[in-house]
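I'd like to go over a predicted model; first the sequence, then the structure.
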Amino acid sequence: MRISVIGCGYLGAVHAACMAKLGHEVVGIDVDERKISELAAARAPFFEPGLDELLKEVQATGRLTFTTDMASAQGSAVHFICVGTPQKKGENAADLTFVDAATAALIPYLSPTDVVVGKSTVPVGTANRLAGVVQEAVPDAHLVWNPEFLREGHAVSDTLQPDRLVYGVTDGSEEHEAVQVLDTVYSVPMEAGTPRLITDLPTAELVKTAANSFLATKISFINAMAELCDAAGADVTLLADAIGMDDRIGRKFLNAGIGFGGGCLPKDIRAFMARAGELGADQALTFLREVDAINMRRRTRVVELTREVCGGSLLGQRITVLGAAFKPESDDVRDSPALSIAAQLQLQGAVVTVTDPEALGNAARRFPELHYEASTDEALRRADALLLLTEWREYRDLDPYETAAKVSGLKILDGRNVLDPTKWRAAGWTYRGLGRP
Ligand code: UDX
């Protein structure tokens, strides 16, 4: 099929490359010339394992092109809307400017029977409104909602082998014309057995926000347990192992630590609460306020613990923060708990050095006042205390004896509970985890 992908950020760039990999002829469109010229040269404008290789592979087939010209959407049978929906400045609600602008810009190039597929995460009700806009301009075209569940760091495999496909169509019926079109788009994963659910438009929009809210709640639940474990002298990692063995609960997303960040979970739960308020259903989601509060409290807790580990004062303490990205295998620092903790420590008088294998460029743009060091060895040199805040493999694998020879003070705070406390203590370190005795 000929497919256009509008918006070539995280979601769109990966989606465009993956659709070409599935055999379609794809044009990726974005207003950002820098992004387009990078992608056209088969370079991902952000770090995502496997994406550079995939871009090279599919561009060599001639099936994937990139442009800033929306007119190139003309002639595609399917148009994916993959633009961002950030949090509005000073408000919890989602900013729909880009979704509205992309739809309006696309309309002049739509032909009858074309299918416009929304993938961006939007407040429930948006798809119905946009379906009206499309229908009014091109009565025989369709708008459907097909949420995306990709995780950064696993985006390529999550797109090529998704857990499930959700199609939201106006009448919620299997017979809707657009269903067959999307089945053709996804014929490869469907043949591999990926389950596919047909819903109405609002349900499809809610599937995405409900899934992210559940994940955020799971993380905040275990972080609340970590607070209790701290108070009671118990171990949250063993607690998580034990409750996680109940498959109704499951062990995934039960890692207590410095909390969740990134471009999705924090903004999505806030936008969800804002939307529930508009719909008069705010009570249903007041628990998400607590989920958010528990999450933000983790950052203050780590600053306090660091002060404790440093003997009561942060003033002049040389602290090395291992990790700036919001999670490993990503260079994304949006709402990164690691960076927010580093900035608070510096504000309170510590001399902070931040290191990360991929995210330093983005981190320096967001927090130019912090000191960055690309080499882990250099970053460790003469540190009074270490904070492991993003669990990159190379930090998990640090050897406590070799590390001890590089630093000034043998103090480590493991913000992700990924190190073996016995090993580190045996090597002479003061080890602190979160919710671990
Ligand atoms: C999330 C959803 O997982 C994905 O399905 C959706 O499409 C987009 O949002 P992502 O933002 O890439 O994906 O990150 P995710 O892997 O969910 O992690 C989010 C945050 O939670 C990270 O900061 C991570 O470090 C933290 N986390 C995750 C924990 O603190 N504990 C855990 O057990 C799991």
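Alright, I've got the coordinates.

when you work out contacts or count neighbours from here on, use the C-alpha atoms and nothing else.
Noted.

how many residues are close by V407?
21 (other Cα atoms under 10 Å).

before we move on, what about the one 3 residues further on?
As a burial measure, the neighbour count of L410 was computed by other Cα under 10 Å and equals 21.

again, but for E38
14.

now do the contacts for it.
E38 is in contact with A44, P45, counting by Cα atoms under 8 Å, 6 or more residues apart in numbering.

return the distance of the host helix or strand of it from the chain's centre.
Using DSSP states H and E, E38 falls within helix 33-40. Centroid separation for helix 33-40 versus its chain: 22 Å, with Cα atoms, centre = their mean, to the nearest Å.

with stretch 73-80 instead?
Taking Cα atoms, centre = their mean, one finds the center of stretch 73-80 at 27 Å from the center of the full chain.

ditto for stretch 235-249
That offset, for stretch 235-249, works out to 24 Å (Cα atoms, centre = their mean).

mean confidence score for that stretch?
On average, the pLDDT along stretch 235-249 is 98.

that older thread, in the helix holding E38, which residues are buried?
Residues of helix 33-40 classed as buried by neighbour count (16 or more other Cα atoms under 10 Å): K35, I36, L39, A40.

how about the third one, what does it touch?
Shown in contact with L39 (Cα under 8 Å, 6+ apart): A13, P45, L55, F66.

contact partners for the residue of the stretch 1-150 of the chain found nearest the ligand?
The ligand sits closest to F149 of the stretch 1-150 of the chain, with a gap of 3.3 Å, by Cα to the nearest ligand atom. With contact taken as Cα under 8 Å, 6+ apart, F149 is in contact with D158, P162, K208.

excluding sequence neighbours, find me the nearest residue to the second one.
It refers to P162. In this structure, P162 finds its nearest non-sequential neighbour in T194, 6.8 Å apart by Cα to Cα, 6 or more residues apart in numbering.

so which two of the contacts of L39 are the farthest from each other?
Spanning the widest gap among the contacts of L39 are P45 and F66, at 12.9 Å by Cα to Cα.

ok, the two, which is more surrounded?
Between P45 and F66, counted using other Cα under 10 Å, F66 has the larger neighbour count: 25 against 18.

using CSV, list the CA coordinates for the next helix or strand after the helix holding E38.
Using DSSP H and E, the helix or strand that follows helix 33-40 towards the C-terminus is helix 51-60. The C-alpha trace of helix 51-60 is given here as CSV (Å, rounded to 0.1, in the frame of the first residue of the first chain):
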residue,chain,number,x,y,z
LEU,A,51,16.4,2.3,14.1
ASP,A,52,19.4,3.5,12.2
GLU,A,53,20.0,0.1,10.7
LEU,A,54,16.3,-0.3,9.9
LEU,A,55,16.3,3.2,8.2
LYS,A,56,19.3,2.2,6.1
GLU,A,57,17.8,-1.2,5.1
VAL,A,58,14.4,0.2,4.0
GLN,A,59,15.7,3.3,2.3
ALA,A,60,17.9,1.1,0.2
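
can you get me a residue count around S408?
Using other Cα under 10 Å, S408 has 14 other residues around it.

please look at it and W429 and confirm they touch.
No. Using Cα atoms under 8 Å, S408 is not in contact with W429, being 11.4 Å away.

just to revisit the earlier point, buried ones among the contacts of F149?
Buried members of the contacts of F149, counted by 16+ other Cα under 10 Å: D158, P162, K208.

out of the residues you listed, which are inside helices?
Among the buried ones among the contacts of F149, the residues falling in helices (DSSP state H) are D158, K208.

between the buried ones among the contacts of F149, which is closest to the ligand?
Nearest to the ligand among the buried ones among the contacts of F149: K208, at 7.5 Å, using Cα to the nearest ligand atom.

how about the strands in the protein?
Applying DSSP state E to the chain gives strands spanning 2-6, 25-29, 64-67, 78-81, 115-118, 142-145, 165-168, 196-199, 318-322, 351-355, 371-372, 385-388, 411-414, 430-432.

distance to the ligand and mean pLDDT added to these, as a markdown table?
Compiled in a markdown table, these are given as follows (distance: least, Cα to the nearest ligand atom, whole Å; pLDDT from 0 to 100):
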| stretch | distance to the ligand | mean pLDDT |
| --- | --- | --- |
| strand 2-6 | 17 | 98 |
| strand 25-29 | 20 | 98 |
| strand 64-67 | 24 | 98 |
| strand 78-81 | 15 | 98 |
| strand 115-118 | 14 | 98 |
| strand 142-145 | 14 | 98 |
| strand 165-168 | 13 | 98 |
| strand 196-199 | 16 | 98 |
| strand 318-322 | 14 | 98 |
| strand 351-355 | 17 | 98 |
| strand 371-372 | 20 | 98 |
| strand 385-388 | 12 | 98 |
| strand 411-414 | 13 | 98 |
| strand 430-432 | 17 | 98 |
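
put together TSV for the ones you listed, with distance to I222 on each row.
What follows is the strands of the chain, written out as TSV (distance: least, Cα to Cα, whole Å):
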stretch	distance to I222
strand 2-6	38
strand 25-29	40
strand 64-67	43
strand 78-81	35
strand 115-118	33
strand 142-145	32
strand 165-168	29
strand 196-199	30
strand 318-322	23
strand 351-355	27
strand 371-372	31
strand 385-388	19
strand 411-414	16
strand 430-432	18
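
and A105, which of the ones you listed is closest to it?
That would be strand 2-6 among the strands of the chain, by Cα to Cα, at 10.0 Å.

contacts for the closest one?
Strand 2-6 is contacted from outside by 12, 15-16, 24-30, 73, 75-83, 102, using Cα under 8 Å, 6+ apart.

and the buried ones among the residues you listed, selectable in PyMOL?
Applying 16+ other Cα under 10 Å to those leaves a buried subset, and the PyMOL line that selects it is:
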select buried, resi 12+15+16+24+25+26+27+28+29+30+73+76+77+78+79+80+81+82+83+102
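
contacts only, for the residue nearest to P162.
If you count contacts by Cα under 8 Å, 6+ apart, T194 has them with Q161, P162, D163, R164, L165.
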